[in-house]
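S.K.: Need a 3D model of the following:
(2 chains)
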Amino acid sequence: MIVLKYTKSLDARFISHIDLLKHIGRILRRAGIPVKHSQGFNPHALLFFSPPMVLGVNSYAEYVAIDTDMNGDEVFERFNNSVPDGLKAINWFKTDKNPNIQGKSVSADYVLDVPYFEFDYKDGFEITYKKKDDMVTEDIARKIFGIFNADGRLGVRLASGNNNLRVDRLATGLNEKYGKDIKITTIAKIAQYVDVDGKEIDVDLYLK
Amino acid sequence: MNDYKKKIDELLLSVEKPARYVGGEWNVPDMKKQAKAKFCFCFPDIYEIGMSNLGLQILYDIINRHPDFIAERCYAPWTDMGAKLRENDIPLLSLETATPLKDFDVVGFSVQFELLYSNVLYMLDLAGIPFYAKDRGGEYPIICAGGPCAVNPEPFAPFFDCIVIGEGEEADLELLKKVAEGKEKGLSKVQILEELKKIEGVYVPSLLTEGERVVKAVVKDFENAPYPTKPLVPNIEIVHDRATLELYRGCASGCRFCQAGYYYRPIRERSAEKCAEYGREMINNSGFGEISLCSLSTSDYTGLMDLEKELRPFIDEKKITLALPSLRLSSFTKEMAQSSRRSSLTFAPEAGTQRLRNVINKNVTDEEIGNIGRAFEAGYDSVKLYFMLGLPTETDEDILGIAEICKRLRSLYIEIRKKRNLTISVSCSVFIPKPSTPFQWEAQISLDEMLRRQKLLRNALREIKGVSFSWHGAETSVLEVVLARGDKKLAPVIVRAYELGAKFDSWTEYFSWDIWTQAFADCGIDMGEYIGEISEDKDLPWDFIDIGVSKKYLLGQRHLAYQGITTKNCREGCNGCGANKLGRCTII
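M.R.: Residues are numbered from 1 along each chain as shown, chains lettered A, B, ... in the order given. All right, here's what the predicted structure looks like:
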């Protein structure tokens, strides 16, 4: 199993998750990277992805696990010769570990394009957003795992995976509560963490 | 990144499907080269539909292959994005480099069917370009049109500086060469248009003289014509989300209602080896998971079996699928049914009885409809059938014949498969008499009559288990006839309809019959004038277009139709339609 760590930025950040799944399949096909398929009447390529990204948000920590016999260097090179600039691979790992990163995900780090400031969330942070046709109010305090100074910008660690907080909803909440002007399209995801025996581990370290 | 691109990026999260507007698809050619002339293809419908258009991909590829020219694209923004552009004072932009349409040398619209006319104006309006050619000075690009509707360009001719009639592969390049030369020499717009008029297939409405004819452009060497083997790969799901392989152009069947069948003559086949080569290249360059074979009647292609054989190892190795659309019953075999591995098969008998099929020259016999049994043997449980209502000479008996076909298929299925879960979907459109067909003089049935016939069929089909019925909007069919057979008087009506809010007329949620009837009333034009039967000795608005097939031949076909006499398939021998004066019919 080869895992590629790749970016989803520039124009590619506007590709939805469903479209991305299809896209990666095409990229691998035109790159000539052989992917093993499941058995059965409708065989599908054995690929595993990190959790879906919010449309319009940049990511520098996306992962796709590919079931292939090709060696990692070649997969990496072929992939990068067949992708638009926004979807470049930045690292690769060979692993025998469970490739289902999405299922193991617990949190992710994001950098919001606003000067670092401390905001109160531990005693509750209510946001209101539209879900389908209804307006929903939710206390997201327990989904904010921490804030940090990212070279002068505001960094946040948020729940990611089955228990998930959409970073755009936090950003909109901050804009409303603190009069900020954080643009969704300038947010960047910089790290993904998975749960390993109850510990939060960076996917890069998990795969090494 | 230019300022417009930045502005657009900021708007994207407030509209549906932002990936429609970002471009950056795989295989977009080099947009930075020094170009002598820049072309922008405009498709008057949304991205998902425009990106599925093979013609546009072919022309885009040809222009960008040329060292001196660049072609970009622009699709009609959906209404949410259109409103955002207006709110933010952003003109309509090209997808590749976010350049305003006004800054191109040539802007070319692909006009695929009549209900897109209002969208041409929608795009011009968003681009800040005046609608009428006469109102545009040299500061504006040359605005041209092409596509199937150019068969009768008159209703929209006043909007364009020139219109490419027929196939654009060679004409578009010639056009760009002359525009580039004109720019270099500092020629005026009128002088450039005079040059463009000399190109075969180019119609310049402002310069057409009395009695002059425009001959359709035809690609003579189709075998070696360039083909987009590096197709653009969309970032979002589009309507035809696959590699499309064009096997041949034209059609040998001669169905009397079919405009494409006459307009794209002469028939020109590409060899199976070449098609297979293109197919492999396309998949390797794009990564698409499916190849779709495309032509007017794919299963009539002489090299179909060879092509299938040639592609099979590649298809199996790459784990992709090969799709076979628009099958003709007469050439359908069990092998095809098995190798295409789909859940449902589609056939188009078009009419319910043998008598009416003879009238329209759809050479499908009752016996051949029995061929669908082979699909059942191969394991298919679902069939789609296409029919038309309101064909010339149609009676209620013909309509009920559609239900008879469904009953027959159902018993055939039960007999072969010993079970009862066959599903049949019957889809009915309304016959639209189109220019450059033997039925161009025919009347369209009235709105009330359309509804009556639809009801008759619906009731008959209700009694058969497993049959679903869908039909096309009656009002849009009326508008389609009027615009298809219209003349220059209709241009102001289209403008009026747009002013009243018409756009995306091909989308049921946007089509408004009231707007169009209002527009006709406001302009003092009676729609009825364009719907009824046209006398054979009357001059037709599109008579000046020479598509190769002679008017005499069309008339002869019309008379044969009334006698119920069929015309043989061109593959069995030449019927002398006249199209081969523009290029040789080549059947491999």
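S.K.: Does the top helix by length along chain A reach chain B?
M.R.: Criterion DSSP state H: the longest helix present in chain A is helix A:17-31. Yes: under the criterion of C-beta under 8 Å from any C-beta of the partner chain, helix A:17-31 makes contact with chain B via A:Ile18, A:Asp19, A:Lys22, A:His23, A:Gly25, A:Arg26, A:Ile27, A:Leu28, A:Arg29, A:Arg30, A:Ala31. From N, CA and C alone the C-beta is placed, and that goes for glycine too.
S.K.: what's the closest non-adjacent residue to the second one?
M.R.: To tie it back to what came earlier, the one meant is A:Asp19. B:Ile236 (4.9 Å; C-beta to C-beta, 6 or more residues apart in numbering or on different chains).
S.K.: Enumerate every residue touching that neighbour.
M.R.: For B:Ile236, the contacting residues are A:Ile15, A:Ser16, A:Asp19, B:Lys17, B:Ala19, B:Arg20, B:Tyr47, B:Glu48, by C-beta atoms under 8 Å, 6 or more residues apart in numbering or on different chains.
S.K.: Among the residues you listed, the buried ones, what's the PyMOL command?
M.R.: In PyMOL syntax, the buried subset of those is picked out as below (16 or more other C-beta atoms under 10 Å in any protein chain shown):
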select buried, (chain A and resi 15+16+19) or (chain B and resi 17+19+20+47+48)
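S.K.: ok, which stretches of chain A are strands?
M.R.: Along chain A, the segments classed as strands by DSSP state E run A:2-8, A:47-49, A:58-66, A:89-94, A:105-115, A:126-131, A:134-139, A:144-150, A:153-159, A:188-196, A:199-202.
S.K.: thought B:Gly55 was touching B:Gly147?
M.R.: Yes: B:Gly55 is within contact range of B:Gly147, at 6.8 Å (criterion: C-beta atoms under 8 Å).
S.K.: Comparing those two, which shows the higher neighbour count?
M.R.: Per other C-beta atoms under 10 Å in any protein chain shown, whichever of B:Gly55 and B:Gly147 has more neighbours is B:Gly147, with 22 against 18.
S.K.: Can I get the strands of chain A in JSON lines including mean neighbour count?
M.R.: Listed next are the strands of chain A as JSON lines, based on neighbours: other C-beta atoms under 10 Å in any protein chain shown:
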{"stretch": "strand A:2-8", "mean neighbour count": "23"}
{"stretch": "strand A:47-49", "mean neighbour count": "17"}
{"stretch": "strand A:58-66", "mean neighbour count": "23"}
{"stretch": "strand A:89-94", "mean neighbour count": "16"}
{"stretch": "strand A:105-115", "mean neighbour count": "21"}
{"stretch": "strand A:126-131", "mean neighbour count": "12"}
{"stretch": "strand A:134-139", "mean neighbour count": "10"}
{"stretch": "strand A:144-150", "mean neighbour count": "15"}
{"stretch": "strand A:153-159", "mean neighbour count": "20"}
{"stretch": "strand A:188-196", "mean neighbour count": "20"}
{"stretch": "strand A:199-202", "mean neighbour count": "13"}
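S.K.: Mean pLDDT and distance to chain B added to these, as TSV?
M.R.: Formatted as TSV, those follow (pLDDT from 0 to 100; distance: least, C-beta to the nearest C-beta, whole Å):
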stretch	mean pLDDT	distance to chain B
strand A:2-8	97	11
strand A:47-49	93	13
strand A:58-66	97	11
strand A:89-94	97	15
strand A:105-115	97	13
strand A:126-131	91	12
strand A:134-139	93	17
strand A:144-150	97	22
strand A:153-159	98	19
strand A:188-196	96	15
strand A:199-202	96	28
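S.K.: Can I get these in a markdown table including distance to B:Lys102?
M.R.: Listed next are those as a markdown table, based on distance: least, C-beta to C-beta, whole Å:
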| stretch | distance to B:Lys102 |
| --- | --- |
| strand A:2-8 | 34 |
| strand A:47-49 | 42 |
| strand A:58-66 | 32 |
| strand A:89-94 | 40 |
| strand A:105-115 | 33 |
| strand A:126-131 | 37 |
| strand A:134-139 | 42 |
| strand A:144-150 | 43 |
| strand A:153-159 | 39 |
| strand A:188-196 | 35 |
| strand A:199-202 | 50 |
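S.K.: Tell me which of these approaches B:Asp80 most closely.
M.R.: Each of the strands of chain A has some distance to B:Asp80 by C-beta to C-beta; the shortest is strand A:126-131, at 15.3 Å.
S.K.: what sits up against the closest one?
M.R.: Residues contacting strand A:126-131 (C-beta under 8 Å, 6+ apart): A:Met135, A:Val136, A:Thr137, A:Glu138, A:Asp139, A:Ile140, A:Arg169, A:Leu170, A:Thr172, A:Gly173.
S.K.: Identify the residue nearest the fourth one in space, chain neighbours excluded?
M.R.: Take A:Glu138 and drop its neighbours on the chain: the residue closest to it by C-beta to C-beta, 6+ apart is A:Ile127, 6.1 Å away.
S.K.: How about the third one?
M.R.: The shortest distance from A:Thr137 to any residue other than its chain neighbours is 4.7 Å, reached at A:Thr128 (C-beta to C-beta, 6+ apart).
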